[in-house]
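Engineer: Task: produce atomic coordinates for the following.
(one chain, ligands or ions: 1)
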Amino acid sequence: MRFSNAVAVVTGGGSGIGRATAIRLAQEGAAVVLVGRTAAKLEETAQAIERLGGAGRAEVFAADVTKREQVEAVAEYIRRRHGDLHVLVNNAGISTHTKWLELTEQEWDDVQQVNMKSVFLVSQTLAPLMIEGAKRERVNRAIVNVASLSGHQAGAHIPHYSAAKAGVISLTKSLALELAPHGIRVNSVSPGFVETPLTERGLQNERFVKAIERNTALRRVGTPEEIANVIAFLASAEASYMTGSDVLVDGGWLIT
Ligand code: NAI
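Structural biologist: Reported below is the predicted structural model:
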């Protein structure tokens, strides 16, 4: 029960890694505000949390994390409903596979906006709630950004995504430096290949799956829960001496 009495926000909480993270935090006692564009998907996660029947609970707030006014509405909701924020997981992300010479400006912009600009917008807008809370009560407070293995190395036909995720890893370090005096830790997690709606199409291709297995020391793709475990650790007081770090959770892809 590492998140008893904690209020947490998980962006992109309606599917994949965000869903697993929200469930994990709620299992350990958090009140989780699920933020994403599609209310129906968020509701489904909230119902899964309700079915757990534990101390944690979930609330749904439909918002696009690339739109400042919608992110401000999230902050206003949390301020009125909870008056405090302890954990923020910037997880929302998108990707496309496109060759460099065919990559459109729109595609470039969309991927930068959702993966990287959202970290700026959401963290800047919600951090004041965490800072005010820290002045009242010195308890564990943390931001976890979901970066990617692709932020560490180039991948085929995802230059825009790799650049955005490298940006998230860098932004994590700058934010960690700025928020440390307020008692807020900021770290990122870099997943390797994980079975989620984002990778669903690729993972239907048997040759692609075999290639991943060959190139991964543990010889398999990961599960959303295996990433959620690490996010929960970084968000918890157990990681109290960690800030500005990126944790690779790639099944040993980079060492093969
Ligand atoms: P996913 O597609 O299930 O989750 C992404 C979520 O973000 C979705 O629920 C989507 O609705 C939400 N989202 C997208 N644009 C949004 C916006 N503008 N506003 C609010 N919400 C928005 O995929 P997955 O895999 O769970 O992705 C979660 C994070 O993990 C992403 O940042 C992704 O880049 C990262 N990641 C995933 C890997 C994988 O192999 N699945 C590997 C490395 C990183």
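Engineer: mind checking pLDDT for the residue lying farthest from the centre of the chain?
Structural biologist: For the chain, the residue at maximal distance from the C-alpha centroid (Cα atoms, centre = their mean) is residue 101, at 29.7 Å. Residue 101 is assigned a predicted lDDT (pLDDT) of 97.
Engineer: Likewise for the one 5 residues further on?
Structural biologist: At residue 106, the predicted lDDT confidence score is 98.
Engineer: Are we agreed that it is in a helix?
Structural biologist: Yes - using DSSP: H, G, I helix; E, B strand; the rest coil, the assignment for residue 106 is a helix.
Engineer: Next one: it relative to the ligand, how far apart?
Structural biologist: Distance, residue 106 to the ligand, using Cβ to the nearest ligand atom, to the nearest Å: 14 Å. The C-beta positions use only the backbone N, C-alpha and C, and glycine is treated the same way.
Engineer: Please apply the same query to residue 91.
Structural biologist: 5 Å.
Engineer: so that residue sits right up against residue 9, yeah?
Structural biologist: No - applying Cβ atoms under 8 Å as the test, residue 91 and residue 9 come out as separate, 9.8 Å apart.
Engineer: Mean confidence (pLDDT) on the helix or strand residue 20 falls within, please.
Structural biologist: Remark: residue 20 resides in helix 16-27, with elements defined by DSSP states H and E. Mean pLDDT, helix 16-27: 98.
Engineer: got a list of contacts for it?
Structural biologist: 3, 6, 8, 10-13, 32, 34, 36, 45, 48-49, 52, 54, 56-58, 87, 89, 91-92, 146, 191, 194, 196-198, 223-225, 227-229, 231-232, 235 (Cβ atoms under 8 Å, 6 or more residues apart in numbering).
Engineer: Given the helix or strand following that helix, what are its sheet partners and their directions?
Structural biologist: Downstream of helix 16-27, the first helix or strand assigned by DSSP H and E is strand 31-36. Next to strand 31-36 in the sheet, as set by DSSP bridges, lie strand 7-11 (parallel), strand 57-62 (parallel).
Engineer: just checking, residue 203 touches residue 220?
Structural biologist: No - applying Cβ under 8 Å, one finds residue 203 not in contact with residue 220, separated by 11.3 Å.
Engineer: ok, and the closest non-adjacent residue to residue 119?
Structural biologist: residue 90 (4.8 Å; Cβ to Cβ, 6 or more residues apart in numbering).
Engineer: ok, and for the helix or strand residue 41 falls within, which residues are buried?
Structural biologist: In the assignment (DSSP H and E), residue 41 maps to helix 39-52. Residues of helix 39-52 classed as buried by neighbour count (16 or more other Cβ atoms under 10 Å): 41-42, 45-46, 49.
Engineer: Hey, what's the angle from it to strand 7-11? Just curious.
Structural biologist: When axes from the mean of the first three to the mean of the last three Cα atoms, to 10 degrees is applied, the directions of helix 39-52 and strand 7-11 differ by 140 degrees.
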